[in-house]
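*Asks:* Below is the sequence, then the predicted model.
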Amino acid sequence: MFSDKTDFKEAFLKRLEMSYGKPFPHTTKRDQFHTLGNMIREYISMNWIHTNEHYRLQNQKQMYYLSIEFLLGRLLGQNLINLGIYEIVKDGLQDLGITLDDLEEIESDAGLGNGGLGRLAACFLDSLASLDLPGHGSGIRYKHGLFEQKIVEGYQVELPEQWLRHGHVWEVRKPDLTVNVPFWGRVESFVDDQGNLRFEHRDAEYVSAVPYDNPVVGYKNSTVNTLRLWSAEPARYQPHKDMMKYKRDTEAITEFLYPDDTHDEGKILRLKQQYFLVCASIRTIVDSYLTKNDDLLKLPEYVVIHINDTHPVLAIPELMRLLLDEYKMNWDDAWYIVTKTFCYTNHTTLSEALETWPVRIFQPLLPRIYSIVNEINERYCHQLWQSYPNEWDRIEKMAIIAHGEVKMAHLAIAGSFSVNGVAKIHSEILKKREMNLFYQFSPEKFNSKTNGITHRRWLLKANPELAQLITETIGSEWIRSPDHLTKLHAFSSDSSFQQELAKVRRVKKEKLAHRIYQQNGIVVDINSIFDVQVKRLHAYKRQLLNVLHIMYLYNRLKEDPTYNMLPRTFIFGAKASPGYYYAKKIIKLIHSVSKKVNADPMVKEKIKIIFLENYRVSVAEEIFPAADVSEQISTASKEASGTGNMKFMMNGALTVGTLDGANIEILERAGKENIFIFGLSAEEVLRYYSQGGYSSMEYYHLDERIHTVVNQLVNGFFSEDESEFEPIFDSLLVENDYYFVLRDFASYIDIHQEVDATFQKPEKWWKMSIENIANSGYFSSDRTIEEYSNHIWKINQYSFHK
Ligand code: 26Q
């Protein structure tokens, strides 16, 4: 479309002026961003058509990744890099006096997710396309992504996020492919001509699902896959006694992304969202298959559907419904197809986060789906009975419907041929504990796939300075094969490489410091240790442990102003689910402590505490490259994997972490001398849970340091209102500290002293940092996706169309 800078400039200028009907000097940055975005989308379209044509003609097996979250962030920069035209565009714009960075800033983050699970889906799409694999996403086009966070007097306030306000340049609306999704109504049975019992869903209220296709551009390989996002609209011929209400209820389905977890509102709407997504997805997947094939029994040879956590699990009964009711198949054939088509990933062991739906909500909303789930349950329990006669207790625990609840994880396991955890320890915990009965019954389904992150966004794009240094040192193969990063081992003690790395870090710290100054009005010391914890706010992630440690350091400095510690800047970024009261208290605590500490002239050379408002993907891209220390301090056994830990590692930050999730594999890869491990092991934690023996009160009484900081939560030291942090105090002492914050406190202080001592020896520090980068290639999502493709999906790369 344009082969060089001159071509590009000419095309861009012409298009800009024609689109906005004004001369170039009068156009705004937004005009320029939209013009560029539209040009690039069209540029992408040629390969998009090509890729789709290829998939159609080759009739190649396709993978569909169903997910309630896709946390994409911004796309302009990444698309330009993957297309291989970043430099042309950057230089061309520069000639016109436009800075590409400024245009990138105009783009809103597509924040269609809460955290790790949604970002993982986005990283997977990037790897699939970059590896030439036929894998696509299917999700929801929420009008408002995860809320925008404002901090007002230390409290989190949520505003509706508005990513679509100026339109989304990358998407293509496809109204011709609308699918109608039925809700409510009733099920009627009848006997057909052949004497078979059949079912029909009558009096349903239909909602239209309209697809918006988004291109997913592979890295310099001309592959463009598709992320299809569905939006709810009133159906065209749907009669209704109250049209206004019908319209409102319909549009509400894709209005908001509901924040994570047990502490939330909007449960019923969420079930609507889930069925809406899977009904639309399954319909198009099957239709697309039938344009190329006629035998549905062969579907599993050509299609594999991945269920990202339990949220899209209704895809299993939905495919059954289609096969039984619309294609008139018998149950056994339909079940054969289904159980060879679906695979499922679990992302949590927190039992309170395992999804269940009350039958009283489920059945009226989705009557036909409910009757199918019921039948699946009966047959499954019957099968269990064959294997475990008279073991009522076991069968009750494994049932899909029990005690008036539908258990989504059980349905997922029963209907899938593969069940995986997201890190080694997590998969082991699933097999040994949470899903042990299912593992005993069908061990062949269980496997482990350690998460990964796309190094193209989290290193190449987020940290071009480091990427360039690496390329100058070991060549550029690492971009295609991140394993090549191991070549950096040879340079871990090389002083000139160490110094160059230190320079890069400095540049990134300066940039972050600049943002901090703009946003928080606080000047931070570039020479201080940037100690960072950015992730969803959750009790198990223990932001509290971090804060209590800062309080301890503050007390220590107040007692002894000569206390020898290196200056530190503690940086937090976190959103709390709006209904999660306790998490919000922690945010307030961070602010109360920072207010006091940052204002105290006695410690101002030593400690600064920064809370970065509205943490999201684009902010994350600035944070990871600027971090010296990565806080991965969850209660062991609770963090399924973590992926932020990998982003820090790849950028050379050193991990302070528990032996939890993927930290364990980071330790294995980086070597135990290159990571700071502290705290209880998962086994110890689980033993305490099962056998008791922990008393937080003892630690409170026996350790003066703990005593002081815990008292400071309620004695007005950090807050005028003494009751403000009572819930935190109570969680620690009255509720016996479920997450072992006080138990791990001493060990956490010690490890941070080691961090301090190590930072005082730059040669050692930078060597450790380089060893981390050198070993981070394993955590590229390319490796993860290769494992999924080879062992679960059985999909193949293609190279035909290039
Ligand atoms: C709960 C109930 C009903 C509906 C939805 C939910 C819900 C929604 C989102 C529950 C959990 C989530 C998000 C979970 C998540 O982000 N998990 C993280 O997944 C990462 C990728 O595998 C892991 O690295 C993290 O360890 C895990 O916490």
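*Replies:* The structure has been received and is ready for your questions.
*Asks:* Give the buried residues for stretch 240-257.
*Replies:* Buried residues in stretch 240-257, defined by neighbour count with 16 or more other Cβ atoms under 10 Å: Tyr246, Asp249, Thr250, Ile253, Thr254, Glu255, Phe256, Leu257. Just so you know, the C-beta spots here come from the backbone N, C-alpha and C atoms, and that holds for glycine as well.
*Asks:* Repeat that for stretch 282-296.
*Replies:* Ile282, Arg283, Thr284, Ile285, Val286, Ser288, Tyr289, Leu296.
*Asks:* which residue sits closest to the residue in the chain that the ligand sits nearest to in space, ignoring its chain neighbours?
*Replies:* Going by Cβ to the nearest ligand atom, the ligand is nearest to Gly116 of the chain, at 2.9 Å. Excluding its sequence neighbours, the residue lying closest to Gly116 (Cβ to Cβ, 6 or more residues apart in numbering) is Thr643, at 5.2 Å.
*Asks:* burial of the residue of the chain closest to the ligand, as a residue count?
*Replies:* Residues near Gly116, counting by other Cβ atoms under 10 Å, number 23.
*Asks:* Equivalent analysis for Thr28, please.
*Replies:* Neighbours around Thr28, by other Cβ under 10 Å: 11.
*Asks:* Over to the one 4 residues further on?
*Replies:* Gln32 is flanked by 20 other residues according to other Cβ under 10 Å.
*Asks:* what residues are up against it?
*Replies:* Gln32 makes contact with Leu16, Ile98, Leu103, according to Cβ atoms under 8 Å, 6 or more residues apart in numbering.
*Asks:* between the residues you listed, which is nearest Ile40?
*Replies:* For the contacts of Gln32, the minimum distance to Ile40 (Cβ to Cβ) is 11.0 Å, reached by Leu103.
*Asks:* Please give me every residue in contact with that closest one.
*Replies:* Lys29, Gln32, Phe33, Leu36, Leu76, Leu93.
*Asks:* can you list the residues you listed in JSON lines and add distance to the ligand?
*Replies:* Output for those, formatted as JSON lines (distance: Cβ to the nearest ligand atom, whole Å):
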{"residue": "Lys29", "distance to the ligand": "33"}
{"residue": "Gln32", "distance to the ligand": "35"}
{"residue": "Phe33", "distance to the ligand": "30"}
{"residue": "Leu36", "distance to the ligand": "32"}
{"residue": "Leu76", "distance to the ligand": "25"}
{"residue": "Leu93", "distance to the ligand": "36"}
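*Asks:* Please pick the buried ones from these.
*Replies:* For the contacts of Leu103, buried by 16+ other Cβ under 10 Å: Gln32, Phe33, Leu36, Leu76, Leu93.
*Asks:* returning to that earlier point: among the buried residues of stretch 240-257, which are in helices?
*Replies:* Under the assignment DSSP state H, the buried residues of stretch 240-257 contribute Tyr246, Asp249, Thr250 to helices.
*Asks:* Let me see the backbone angles for Ile571.
*Replies:* phi -120, psi 130 (degrees, to the nearest 10).
*Asks:* er, Thr655 actually
*Replies:* According to degrees, to the nearest 10, Thr655 has phi -90, psi 130.
*Asks:* Quickly list what it is bridged to.
*Replies:* Ser630 (DSSP bridges).
*Asks:* Now do the same contact list for it.
*Replies:* Contacts of Thr655 by Cβ under 8 Å, 6+ apart are Val629, Ser630, Gln632, Asn645, Phe648, Met649, Asn663, Ile666, Ala670, Ile675, Phe676, Asn772.
*Asks:* now swap in Leu100 and tell me
*Replies:* Gly77, Leu80, Tyr86, Val89, Lys90, Leu93, Gln94.
*Asks:* Run through the residues that contact the last one.
*Replies:* So that's Gln94. Leu100.
*Asks:* same thing but at 7 Å, please
*Replies:* With Cβ atoms under 7 Å, 6 or more residues apart in numbering as the criterion, no residue contacts Gln94.
*Asks:* where does Glu639 land in three-state SS?
*Replies:* coil (DSSP: H, G, I helix; E, B strand; the rest coil).
*Asks:* Could you tell me how many residues sit around it?
*Replies:* 31.
*Asks:* Excluding covalently adjacent residues, which one is nearest to it?
*Replies:* Going by Cβ to Cβ, 6+ apart, Glu639 has Gly661 as its nearest residue, at 3.9 Å.
*Asks:* how about the one you found, phi and psi?
*Replies:* phi 50, psi -140.
*Asks:* Mind pulling up the pLDDT for it?
*Replies:* On pLDDT, Gly661 comes in at 98.
*Asks:* which strands and helices sit next to the host helix or strand of Leu227?
*Replies:* Applying DSSP states H and E as the criterion places Leu227 in strand 224-234. Using 3 or more Cβ pairs under 7 Å, 6 or more residues apart in numbering; DSSP states H and E, the elements in contact with strand 224-234 are helix 29-58, helix 116-130, strand 135-140, strand 205-217, helix 243-252, helix 267-292.
*Asks:* And for the spatially closest residue to Glu107 that is not a sequence neighbour, the neighbour number?
*Replies:* In this structure, Glu107 finds its nearest non-sequential neighbour in Arg74, 4.5 Å apart by Cβ to Cβ, 6+ apart. Neighbours of Arg74 under the rule other Cβ under 10 Å: 20.
*Asks:* Check Asn614 too.
*Replies:* For Asn614, using other Cβ under 10 Å, the count is 20.
*Asks:* Now it: closest residue in space that isn't a chain neighbour?
*Replies:* Gln149 is the one closest to Asn614 (Cβ to Cβ, 6+ apart), at 4.4 Å.
*Asks:* How is that neighbour assigned, secondary-structure-wise?
*Replies:* strand.
*Asks:* Burial check on it, number of neighbours?
*Replies:* 21.
*Asks:* Could you do the one 10 residues further on as well?
*Replies:* Leu159 is flanked by 11 other residues according to other Cβ under 10 Å.
*Asks:* my read: it touches Leu146, true?
*Replies:* No. Assessed by Cβ atoms under 7 Å, Leu159 is found out of contact with Leu146, at 11.0 Å.
*Asks:* can you give me phi and psi for the residue lying farthest from the centre of the chain?
*Replies:* Here the centre of the chain is the reference, and by Cα atoms, centre = their mean the most remote residue is Asp193, at 49.6 Å. In terms of degrees, to the nearest 10, the main-chain angles of Asp193 are phi -60, psi -40.
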